[in-house]
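J.: here is my input, please return the structure:
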Amino acid sequence: MDENNSKNLILAMVLSALVIVVWFYLFPPPEPEVQAEAPVATQTTGGETPVAEGSATSEPVPEAPRLRVDTPQLEGSISLLGGRIDDLRLKNYREAIEPTSPIVRLLTPQGEEGAWLALFGWGRSGSLAAEDVPGAQTEWRLASGGTLSPGNPVTLIWENSKGLTFTRELAVDDEFMFTIKDSVVNGGAGDVSLFHYGQIRRYGKPAGLKGFFILHEGAIARADGKLTETTYNNMTELDLNEREGAPASVVDATTDGWIGFTDHYWMSVLVPEQGKPVTQVTKYLPASNLYLTEARQPLTIVTPGETLSTSTRFFAGAKEWEAIRDYQNEPGFFARLFGDKVDETRAPIPGFIDSIDWGWFYFLTKPIFALLHLIHGLIGNMGLAIIALTFVLKLIVLPLAYKSYVSMARMKELQPEMEALKERAGEDKQRLQKEMLQLYRDKKVNPAAGCLPILIQIPIFFSLYKVIFVTIELRQAPFFGWLKDLSVPDPSSLFNLFGALPWAAPATGSLLHLVFIGVLPILLGVSMWLQQKLNPAPADPVQASIFAWMPWVFMFMLGGFASGLVVYWITNNIITFSQQYVIMRSHGHKPDLFGNIKSGFRKKQAAANANAAPSAKAGTKNTGKK
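T.: Numbers count the residues shown, from 1 in each chain. Next comes the predicted model:
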């Protein structure tokens, strides 16, 4: 391997290693949770119920009748106290891989640990008092319906003493979307001023926050085409807003928008009627340790005999790409495409797909995931889908990779001429550099092209990492055998000889797990080492040492990454090995793989003998003196 080619490859590998080191620095594994000290009571402000600061519980509310919710995706209940949607579980998702593990609980009533709920009500202005409009403490009456399920809505009703009749119709589809249609009829003698609101309340930070820079967890909102993400920590540091009388972020949207909370895999979002003005509020109330997002309609005057109606959708469920995409797009587009039933009544939600955190490389992450999702639908196994995706990605970049490998092969063809130039130039480095550049121009060879195959992989690697870490489709996705979840590191370990010894492997993410790596990281190191052995080792001992250590350094560095990502990297190495081998053969350079491997062992043995020789001589001399 010529000097320039060696330097280019070393540069590419060092850059790749540097990027991964920086990645670990920016996105370290989450620290273990530390038990908080005894909570400290806080003052009551703004009429909120005081709870201990740092607690994730809230003041319990009175018991009230409940309506059952039952859909293909959801089960739970709605409280008639405030019409709260506060008890939901996800039928198709479990907390752990084991089939006996409890299903995931999404929404939790106020008063329980980690309360998370949605409220809808009416605000007022002018002569109306708080008790004249339905709010969080209002007990609604069931007017019609029973169990809330797709195609079976329920209707609630409440009347005040001033001739106002409030009606609420609740409906749910077969995915994760509720529709809340609220209306009020003014049967009184005078005008009334009202506005409708929807709120999502979370008491305390959610349990199990990842705390990764790569993943947004907290409030999320879109207003007039602009997406805003606010972490839970940043919510506690919002500036005082005079309109709210509290620290808050207030945005007036006119054309489109939605607001709510997003976790790693779950989400709750309010979607008001698109194309109409709405005020979005994000705030934190420390007295009750309450994180709150709100969608507030404009104040409207309702004259006697007039009816005011409004409709709000509420998404509560898993961040499934296909479901969210269908909510975003024109109703029925994909249904028509695949011959399914079309829901013509559903209005599109602009930008809803961006509720999934696609990251900085979104322009790569989105199409990569869409392609992976399509392949998985055809194959049915996510591990095989990742392997197939790798083949597709390599095929897409093949023209550029081919050009790079051809350039590397032509560099080898120039080796005799380059050696002649070195002899003619002698110690004149400037002359040597000038004549080598001229040689490259004459032969139309780019010495830097050898870096491209590796450098191309970096944004793809990051995008695929994002896809595997963020999307719920990879959560608990099995491959084969011991690989039951491709979103976590390989659970096998050298510590127990991959299950042959009668003790457990170290816990995933622990230091022992990073040291006693599993099967996939070892295969990764071997595949990188074999790819390296397609070329002879550099003559320079420093370069040779770097090349020798690089596969094993990567093996340990990537051992803590999601196993799905390591599957991709191994597949990529195998394909790259095959491409290089074929291209080198097509240019008359048959790679001597086994010869290069043997040569490497001979050099190591020679170096060991050379180091041992001086010691032996020194030992003999010392013995003589004795």
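
J.: pLDDT weak spots in the chain?
T.: 1-57, 330-345, 408-409, 412, 446-454, 535-544, 587-589, 592-594, 596-626 (pLDDT under 70).

J.: how is it carved up into domains?
T.: The record's domain parsing of the chain by automatic domain parsing lists 3-28+366-608, 45-319.

J.: would you confirm that residue 355 contacts residue 318?
T.: No. If you go by C-beta atoms under 8 Å, residue 355 and residue 318 don't touch, sitting 11.5 Å apart. The C-beta positions use only the backbone N, C-alpha and C, and glycine is treated the same way.

J.: identify the contacts common to the two.
T.: Common contacts of residue 355 and residue 318 (C-beta atoms under 8 Å, 6 or more residues apart in numbering): residue 267.

J.: tell me which of the domains of the chain lies nearest to residue 346.
T.: Nearest of these to residue 346, taken as C-beta to C-beta: domain 45-319 at 7.9 Å.

J.: chain center to the closest one: distance?
T.: How far domain 45-319 lies from its chain's middle: 25 Å, per C-alpha atoms, centre = their mean, to the nearest Å.

J.: picking up where we left off before, now render the domains of the chain as TSV, adding distance to residue 351.
T.: Below are the domains of the chain laid out as TSV (distance: least, C-beta to C-beta, whole Å):
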stretch	distance to residue 351
domain 3-28+366-608	12
domain 45-319	5
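
J.: so who does residue 434 touch?
T.: Taking C-beta under 8 Å, 6+ apart, one finds nothing in contact with residue 434.

J.: which of the helices or strands spans it?
T.: helix 429-443 (DSSP states H and E).

J.: list the buried residues of that helix.
T.: Within helix 429-443, the residues that count as buried by 16 or more other C-beta atoms under 10 Å are 432, 435-436, 440.

J.: could you do stretch 75-84 as well?
T.: Under 16+ other C-beta under 10 Å, the buried positions of stretch 75-84 are 76-84.

J.: pull the contacting residues for the residue nearest to the spatial centre of the chain.
T.: For the chain, residue 470 is the residue whose C-alpha lies nearest the centre (C-alpha atoms, centre = their mean; 1.8 Å). Residues near residue 470 by C-beta under 8 Å, 6+ apart: 214-215, 264, 356-359.

J.: for stretch 458-474, C-alpha coordinates in PDB please.
T.: Taking C-alpha atoms only, stretch 458-474 is exported to PDB below (Å, rounded to 0.1, in the frame of the first residue of the first chain):
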ATOM      1  CA  ILE A 458     -20.800   8.600   8.900                       C
ATOM      2  CA  PRO A 459     -24.100  10.500   8.300                       C
ATOM      3  CA  ILE A 460     -25.800   7.300   7.400                       C
ATOM      4  CA  PHE A 461     -24.500   5.700  10.600                       C
ATOM      5  CA  PHE A 462     -25.900   8.600  12.700                       C
ATOM      6  CA  SER A 463     -29.200   8.600  10.900                       C
ATOM      7  CA  LEU A 464     -29.700   4.900  11.400                       C
ATOM      8  CA  TYR A 465     -28.600   5.200  15.000                       C
ATOM      9  CA  LYS A 466     -31.400   7.800  15.400                       C
ATOM     10  CA  VAL A 467     -33.900   5.600  13.700                       C
ATOM     11  CA  ILE A 468     -33.100   2.600  15.900                       C
ATOM     12  CA  PHE A 469     -33.000   4.600  19.100                       C
ATOM     13  CA  VAL A 470     -36.000   6.900  18.600                       C
ATOM     14  CA  THR A 471     -38.700   5.000  16.700                       C
ATOM     15  CA  ILE A 472     -41.100   2.700  18.500                       C
ATOM     16  CA  GLU A 473     -41.000   0.200  15.600                       C
ATOM     17  CA  LEU A 474     -37.600  -0.900  16.800                       C
END
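
J.: now do the SS call for residue 119.
T.: strand (DSSP: H, G, I helix; E, B strand; the rest coil).

J.: what sits closest to it if chain neighbours are left out?
T.: Distances taken as C-beta to C-beta, 6 or more residues apart in numbering put residue 199 closest to residue 119, at 4.6 Å, once the chain neighbours are dropped.

J.: and for residue 239, the neighbour number?
T.: For residue 239, the count of nearby residues is 7 (other C-beta atoms under 10 Å).

J.: bridged to the nearest residue to it once chain neighbours are set aside, which residues?
T.: Leaving aside its chain neighbours, residue 239 sits nearest to residue 247 (6.2 Å; criterion: C-beta to C-beta, 6+ apart). Following DSSP bridges, residue 247 is listed with bridge partners residue 240.

J.: OK, contacts around residue 247?
T.: By C-beta under 8 Å, 6+ apart, residue 247 lies in contact with 237-241, 283-284.

J.: and it, how far from residue 514?
T.: 41 Å (C-beta to C-beta, to the nearest Å).

J.: same thing with residue 389?
T.: In terms of C-beta to C-beta, residue 389 sits 27 Å off from residue 514.

J.: neighbour count winner among these two?
T.: Per other C-beta under 10 Å, whichever of residue 389 and residue 514 has more neighbours is residue 389, with 23 against 17.

J.: what helix or strand is the more buried one on?
T.: helix 382-396.

J.: same question for residue 455.
T.: Per DSSP H and E: helix 452-470 holds residue 455.

J.: partner strands of the helix or strand harbouring residue 155, parallel or antiparallel?
T.: Assigned by DSSP H and E, residue 155 falls within strand 154-159. Its sheet considered, strand 154-159 pairs with strand 141-144 (antiparallel), strand 164-172 (antiparallel) by DSSP bridges.

J.: identify whichever of those strands lies nearest to residue 329.
T.: strand 164-172 (20.2 Å).

J.: what are the buried residues along that closest one?
T.: 164, 166-172.

J.: following that strand, which helix or strand shows up next?
T.: Following strand 164-172 in sequence, per DSSP H and E, is strand 177-186.

J.: next secondary structure after that next one?
T.: strand 192-203.
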